[in-house]
Each structure stands twice: as structure tokens, then as C-alpha cells.
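Trainee: Got a predicted structure here, sequence first:
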Amino acid sequence: MLGRKERDQLELFITGSLKQLVPDEHVLARVDRVLDLSWLRQEVTDCYCANDGRPGIDPEAAVRLMLAGLLSGIVHDRKLMREAQVNIAIRWFVGYGLHEQLPHHSSLTRIRQRWGEERFRRIFKRTVEACLKAKIATAEVVHIDASLIRANVSWDSLTEQHVVDVLSENQNEDESEAEKTGRQSGKYKKVCTTDPDATMATNARNRRLEPSYKQHTAVDDKVGVILDVAVTTGQTNEGEMIEPQVDEVEAITGIDIKTVTADAGYAYAKVYGALERRGIDALIPAKAEPIKSRVPLRRFRYDAKHDILKCPRGRVLRPARPIKHGRFFYSKAKDCARCPLKGDCLSKGRVNKAVVVGNDYPALLRARRRRERWSWQDRRLYQRHRWRSEGFHGEAKTWHGLARAIRRGLPNMKIQAYLTAAAINLKRLAAALVALLLCLIASLDASPSASRGVPG
């Protein structure tokens, strides 16, 4: 018989909880089982007046609203509040009934401004501590990577700023060229007027520069828990961030890191040296030395014991003036006068050889030798780096709106990154809880008492 449903019938009374209408496997229902924000109210008490003004939004409800949006892929406050108006799962997760009026979207903006980025970082740290307590993270093997995040600006807001490099009188040609290495060249440099914190950057040479931020992430190897997140401007070099990030992970977890993996973008002598001094095994593929001369640096032999450099003909180059990340090694003019490699080795106008050697150059040499002897376990672990750290960036950008900044300014970008990482950690923790419950059910079903019908 063909049925009919009357759609204009109104309900007079509704009994029970909204939880009855939310499936147990819904992402918000699963996250609710592991989310604990009971500490938050005391944390933000100093941001509010105790006996004056209108009552503000409950702090836990505000954070739950932000997390619900990120878990659902809704990153803009206006769209989130429109969705929460009709979404029973979000209303139940936040704690609002069907008859209650939801906060205005601007309230979330004021809360972020009032609390500041540090309090949102503490929310993220709490999720890390919860994952460590649940033993789904060990913090012994850490994958570190960085990814660009497009700033929330238009191309019309970019202007050209004239850049003039003024060189000091005491800098000679070699030192000037060494300090220029790695900097963006060009007479004109584009800057963003609407978001000055965003800088021009790109992740490939065949792609144009875009106003961006850069997120540096440390991911645990076991199930992909995010242990630390740092956000900088787009032009910040990855090698400058790995050392403080390793220290931050050890401070958060209280565990000494045993192995760090990273891609070739971190293959700098200072990175290898810093990890060696901390007793950390660095699984970072060393890059081949760029050949800029007919007699490249790899043909020179460094003697760490005597701190000297020997040229291909066996002549000694001794250290002299230090620069930012290394030192100049100079040969004697009389040693180069009759050298058969003089025409290929010396630049025009020079009478002796000058070579820049990084401070941790021996560590770089050891890393290059070790790369040739990577074991099967080392190669396997480095493969895991790709689908742990790079997989996290893909997940955050595809499902949680981190492909583009929502708001402008570095503090707002940090808050977005902290909340996104916290939401993903809560997903990891909820999935681990479900897996644990399934294992317990399976073990009870397989027990002898269960098979005989005897109550356990």
C-alpha cells in the first residue's frame, strides 16, 4: 500500500535528549567521548569581569562550536552559525537545545581576540597529553615537515616595494656574495598591504610566488598524533625551525626523541649538527653538493682534528674570518701561483683561494656517508614520513579548511592551526577508543566462558 506523510503536523512536546537523534558513529559523538574541557573555565577567568557586564558565552560551548566547525569542514563563523541553527548534531555537541538561541557569529571573533593565541595553544597541548596518556603516541620517532598556507588576501592587494641592498664598507666581494646566497633576488619585491604578516613564497620553482604562511608540524609515528605546530611567515626557512621544534616536543611530552625524519628541505649542516648534539638519529636524505665551480667544495678535504682544509693538490687552507653560519678558509697566494688548477679554481682577479665551510660541516659529511648505507628499516621509516607528516597536511587542507587562512594576521593564523591540530588529535583519540572497545568485545566473545554461556 502506498503510504503518505503529513508534513504540516506540529509537535507539541519533545521528550528526551538530542543525543538520541545523533548516531553513535557520528564524528561529533565520537569526539565528545574523549573531549574534556572542564579545566577551561578556570583558565580564562582572568579575561572576564567577575561582577559587571552581561554574561558571556560559556567558554566550553565556544570552543566546542569552533571544533565542531573544523570537524565538519566549516571554517567560517557565519556559515558555521547558519549550519548550527538547523544541525541537531552541532546543537547537541555544543549544549544548546532546539529552543535556545545560538550566539552571534561575531562573539567567536571577540573570544579569539580576548583569549589570545597562547590559550588556544594550551587547548592543543591538552589533546597531546590525552593522546600520550592513552598510549597512542610515544614521541620517540617524530616526523617533521612544513607546508605553505595561502593567506586570505587578493592579488589586488599586492604592491611592489623597491629593495636596495646597501653593503658595508668592510665587506669584501666574497663575504657579500656569501650573505646574498639564498635570498630572494630581484630589484622589486611584492608585499601585501592588507596582511603584512603574510610573505611571498612558493613550494616549487615552476609555480608563482603567493602571499603565504608556513606551518611547521611534528607528527608522532605510531598513529599520526600531532605533537607540535608552529606557524611562521612564508619565507621562513625550514632549517631554522627544526631545532626549536624538537626542543618544544620534548618539553611538551617529557620524552627524549630517538629519531627524527624530514625531507631534503632540512638537509643542512646546522640541522645535522644540532640533532647529533642532542643524541637524535636524523633520517634526512642529504642533498648532493651544488656544483658552482669547476673545482667544487667536495674535492676539498676537511681535517676536523687540525681544523684545516686541503685542496685537490694537497695545499692547506686555514680558517680566518667567521660569517653567519660558517667561516672562510684561505690558501696562501704562493701556493696557488704555480698550481695547474689555478685557471679553473680561482675566480678572476684573485691570487688565492677562499672557501666557505659551514660550522657543522663534519656532521654533513657523516650524513652523506650514512645516506649511502641506509638499512631497510631506515628506508621503510622514511617512507612512513611521507604518509604521516605529508598525510596530515593533506588531511588538514582537504577536510578541515587549512588550505587557506580564514582570517588575517599571524596570531589568527596560529589559532586556526592550533584548533585544526587539536581537532585531528581528537579524531585520532576517538578512533583509538573505538578500536579498543572492539578489541575488548572480540576478546569477550572469544573467551571460554562466553562460548559456554557462563556469565563473566
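Mentor: Cool, got the structure. Bear in mind that the values here come from a model prediction, so they are computed numbers and not experimental data.
Trainee: Where in the chain is the helix or strand with the lowest mean pLDDT?
Mentor: helix 173-180 (a mean of 45; mean pLDDT, DSSP states H and E).
Trainee: quick one: secondary structure of Pro411?
Mentor: Three-state call for Pro411 (DSSP: H, G, I helix; E, B strand; the rest coil): helix.
Trainee: what's it in contact with, if anything?
Mentor: By C-beta atoms under 8 Å, 6 or more residues apart in numbering, the contact list for Pro411 reads 116-117. For glycine as for every other residue, the C-beta is placed from the backbone atoms N, C-alpha and C.
Trainee: Return the backbone torsion pair for Val141.
Mentor: The phi and psi values for Val141, taken as degrees, to the nearest 10, are phi -120, psi 120.
Trainee: need the contact list for the closest residue to it other than its chain neighbours.
Mentor: Distances taken as C-beta to C-beta, 6 or more residues apart in numbering place Asp221 nearest to Val141, at 3.8 Å, with adjacent residues excluded. For Asp221, the contact set (C-beta under 8 Å, 6+ apart) comprises 138, 140-143, 381, 384, 388.
Trainee: for Pro211, same thing?
Mentor: 150-151, 153, 158, 192, 195, 198-200, 234.
Trainee: and these as TSV, adding pLDDT, neighbour count and secondary structure?
Mentor: What follows is the contacts of Pro211, written out as TSV (pLDDT from 0 to 100; neighbours: other C-beta atoms under 10 Å; DSSP: H, G, I helix; E, B strand; the rest coil):
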residue	pLDDT	neighbour count	secondary structure
Arg150	94	17	strand
Ala151	93	26	coil
Val153	88	18	coil
Leu158	75	18	strand
Cys192	80	21	strand
Asp195	88	21	coil
Ala198	90	28	coil
Thr199	89	23	strand
Met200	89	19	strand
Gly234	90	21	coil
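Trainee: remind me which residues of the protein are low pLDDT?
Mentor: 1-15, 160-189, 290-292, 447-456 (pLDDT under 70).
Trainee: what ranges do the strands span in the stretch 101-250 of the chain?
Mentor: 141-150, 158-162, 188-192, 199-201, 210-220, 226-233 (DSSP state E, counting those that start in this stretch).
Trainee: just to revisit the earlier point, show the backbone phi and psi for the residue nearest to Val141.
Mentor: phi -80, psi -30.
Trainee: shouldn't Val434 be in contact with Arg30?
Mentor: Yes. With contact defined as C-beta atoms under 8 Å, Val434 reaches Arg30; the gap is 6.7 Å.
Trainee: quick one: which of these two has more around it?
Mentor: Arg30 (20 against 14; other C-beta atoms under 10 Å).
Trainee: Let me see the contact set for the more buried one.
Mentor: With contact taken as C-beta under 8 Å, 6+ apart, Arg30 is in contact with 24, 427, 430-431, 433-434.
Trainee: which residues does Leu28 contact?
Mentor: Shown in contact with Leu28 (C-beta under 8 Å, 6+ apart): 22, 68, 71-72, 89-90, 92-93.
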